[in-house]
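[1] Here is my input; please provide its structure:
(one chain, ligands or ions: 1)
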Amino acid sequence: MNLEDIYQEYVKKDIYPYHMPGHKRNTAMMQMANPYGLDFTEIDGLDDLHEASAHLGRDSILANAMRRAARLFGAKHSIYLVGGSTAGLVCSILACTHRGDEILIPRNCHKSVYNALALAGLRPIYIYPSVDESFGVYANLRPEDVALALREHPDIRLAVLVSPTFDGIVSDVAAIAAITHEHNVPLLVDEAHGPHLGLFPGFPDSAVHQGADIVVQSLHKTLPVLTQTSILHVCSDRVDVENIVRQLTVIESTSPSYVLMASADKCVDLLEQEGEQLFSVYRSRLAQFSEQMKALKHLRVLCMGHDKPESHPNIYQYDPGKILISTRGTNITGAQLYDILLDRYRLQMEMKLRDMVLAMTSICDTQEGFDRLASALLEIDAGLTDGPLGAQFTLQQCTFSVPAMPPFVALEHPSIMRTPDEAAGHIAREFVYAYPPGIPYIVPGERIEAATLETMQQMQQSGIRLISTRHQYPSHIETI
Ligand SMILES: Cc1ncc(COP(=O)(O)O)c(C=O)c1O
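    Numbering: from 1, shown residues only. Okay, here's the model as predicted:
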């Protein structure tokens, strides 16, 4: 069987996708001609993404399409990305810094940001997000922590913020942007999980409208767009678009996919013409789902059912499109719930963590899909009892290790493989993370703490597979 046959076989299993991409393989709603018929290259009359991005003001097919996207999202300039948000984040960081510069990074960043640091030879100043105690997830990045870091490190050249997080938590971007600008530092917002924000009522606003200078969004994560298709918005004159485009030509293929670009443009079309209506149906489906969650006795769903936003003081805003289900205080782990949803109910979730499962939704979810998840959760909940997990997992999301040197410096050292026990106290030379969400527990350049190793071990014990760059964890970790 070739890969297409394997995918077709998968589709026949009728497993409902509570994961990316945002089109949810809803082929009744999203259609396109045979991709072979639309797959071009930079031939006469069909433009060139790199050229068009470099001359956004001119009249060309792609420049016009990206201008239309910029109008929809409210940006000064928008650039289609065919290498995911990864490409947008890496090129933005390369474009806004020089080797050796300091950069402000929330420690719960995606690994693409850390890779950019290593590539660009930057010195990270980490700040740590607050934690929501009741669900044990990373919550807001506090504006006061950003202000303090900028006061203590006046040489920071760029500030990065992740909002929303993988779990849907939105920080106060406007307050953070005001602070970074007071210090003449541009703000890059990783809004990979929020391309659906700020477009229609009922969802938090986008960083594009809140003073961020660059915003990178994975269109494919929460909108009906093919995988890998993303967008970079430039929202102010504090950053140099030409530099960004130049870096994009380095990072991305010289043959950007015409099928992916057509898919992004089709989504812009759809949102312009039917977005209001589609988002209104989506909102009411989410509201109905939330209502149904009031019957849960053991499981909890963040900001849904009886769980109220007021009981989460560290969550500035929450994306109602994320369904984050906690098994804390019950007799099952997140991994067990995830497996039951898949094996018994044919519902594929996006992510499992120790005591949590995340379902991602979009305008392409069907009423039938929501009904399947609601009845599965209620049925599973009815069979649960109070359990030890609340007490067992009292550790916060992760106890991070202490940065000892920038990642690019650690990577210049020869590598020594050590068992986790031996690795404690040594400096890491690789990443260790769970994927998803791709937030590293260990980053090159950190002195590995015993407490970090313990969190990682707990993760493994609860059924979460951790991946390391050298693929030898849990037996070994690469150190210097
Ligand atoms: C917070 C965050 N930023 C960036 C990315 C990278 O996005 P992409 O897969 O579009 O490259 C991800 C991917 O999961 C992510 O979770």
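
[2] Can you pull the residues of the chain lying near the ligand?
    By the criterion of C-beta under 6 Å from any ligand atom, the positions of the chain lying close to the ligand are 84-86, 110, 112, 162, 166, 190, 192-193, 218, 230, 437-438. Where you see a C-beta, it was placed from the backbone N, CA and C, and this is true even at glycine.

[3] These into CSV, with extra columns for secondary structure?
    Shown next, in CSV, are those (DSSP: H, G, I helix; E, B strand; the rest coil):
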residue, secondary structure
84, helix
85, helix
86, helix
110, coil
112, helix
162, strand
166, coil
190, strand
192, coil
193, coil
218, coil
230, strand
437, coil
438, coil
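
[4] any chance of the residues you listed in a markdown table, plus distance to residue 15 and pLDDT?
    As requested, those are arranged in a markdown table below (distance: C-beta to C-beta, whole Å; pLDDT from 0 to 100):
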| residue | distance to residue 15 | pLDDT |
| --- | --- | --- |
| 84 | 24 | 98 |
| 85 | 26 | 98 |
| 86 | 27 | 98 |
| 110 | 26 | 94 |
| 112 | 28 | 95 |
| 162 | 29 | 97 |
| 166 | 21 | 95 |
| 190 | 29 | 98 |
| 192 | 24 | 98 |
| 193 | 22 | 98 |
| 218 | 22 | 98 |
| 230 | 26 | 98 |
| 437 | 21 | 87 |
| 438 | 23 | 87 |
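
[5] Which pair of those residues spans the longest distance?
    When C-beta to C-beta is used, the two most widely separated members of those are 230 and 437, lying 16.8 Å apart.

[6] what about these two, which has more around it?
    Between residue 230 and residue 437, counting by other C-beta atoms under 10 Å, residue 230 is the more crowded of the two (27 against 18).

[7] Could you find the closest non-adjacent residue to the more buried one?
    Taking C-beta to C-beta, 6 or more residues apart in numbering as the measure, residue 230 lies nearest to residue 81, with 4.0 Å between them; neighbours along the chain are not counted.

[8] how near is the one you found to residue 367?
    32 Å (C-beta to C-beta, to the nearest Å).

[9] Please say which of those two ends up with more neighbours.
    Using other C-beta under 10 Å as the criterion, residue 81 and residue 367 rank with residue 81 on top: 30 against 12.

[10] Tell me if I'm right that that one and residue 233 touch.
    No - counting by C-beta atoms under 8 Å, residue 81 sits too far from residue 233 to count as a contact (10.6 Å).

[11] Could you tell me which residues touch both of the two?
    By C-beta atoms under 8 Å, 6 or more residues apart in numbering, residue 81 and residue 233 have these common neighbours: residue 216.

[12] in the chain, which ranges drop under the pLDDT threshold?
    Per-residue confidence of the chain (counting by pLDDT under 70) places the weak regions at 389-398.

[13] rerun at 90
    Where the chain drops to pLDDT under 90, the residues are 53-58, 133, 136-137, 353-354, 387-402, 434-439, 455, 458-465.

[14] Can you report how many residues lie near the closest residue to the ligand within the chain?
    Per C-beta to the nearest ligand atom, the residue of the chain with the smallest distance to the ligand is residue 84, at 2.4 Å. Residue 84 sits with 21 neighbouring residues when counted by other C-beta under 10 Å.

[15] Would you map the strands across the stretch 201-350 of the chain?
    Assigned by DSSP state E, counting those that start in this stretch, the strands in the stretch 201-350 of the chain fall at 214-217, 230-234, 300-301, 317-318, 322-326, 347-349.

[16] can you list the domains in the protein?
    Following automatic domain parsing, one gets these domains for the chain: 35-268, 278-392, 402-479.

[17] For residue 367, give me its contacts.
    residue 285.

[18] run the last query once more with 6 Å
    Residue 367 is in contact with no residue at all, counting by C-beta atoms under 6 Å, 6 or more residues apart in numbering.

[19] try the one 3 residues further on
    Taking C-beta under 6 Å, 6+ apart, we find residue 370 in contact with 285, 289.

[20] In which helix or strand does it reside?
    Counting by DSSP states H and E, the element that carries residue 370 is helix 367-382.

[21] Just want the angle from that helix to strand 322-326.
    Direction vectors for helix 367-382 and strand 322-326, defined by axes from the mean of the first three to the mean of the last three C-alpha atoms, to 10 degrees, enclose an angle of 10 degrees.

[22] Mind listing what's buried along the helix ranked longest in the chain?
    When the chain is scanned for its longest helix (criterion: DSSP state H), the result is helix 258-292. With burial defined by 16 or more other C-beta atoms under 10 Å, the residues of helix 258-292 counted as buried are 258-268, 270-271, 275, 278-279, 282-283, 285-286, 289-290, 292.

[23] what helices or strands is that helix leaning on?
    Contacts of helix 258-292 with other secondary structure elements, assessed using 3 or more C-beta pairs under 6 Å, 6 or more residues apart in numbering; DSSP states H and E, are made with helix 61-73, helix 367-382.

[24] The longest one: which residues count as buried?
    Along helix 367-382, these residues count as buried under the neighbour rule (16+ other C-beta under 10 Å): 369, 370, 372, 373, 374, 376, 377, 380, 381.

[25] Let me know the closest of those to residue 105.
    Minimum distance to residue 105 across those is 34.6 Å, recorded for residue 373 (C-beta to C-beta).
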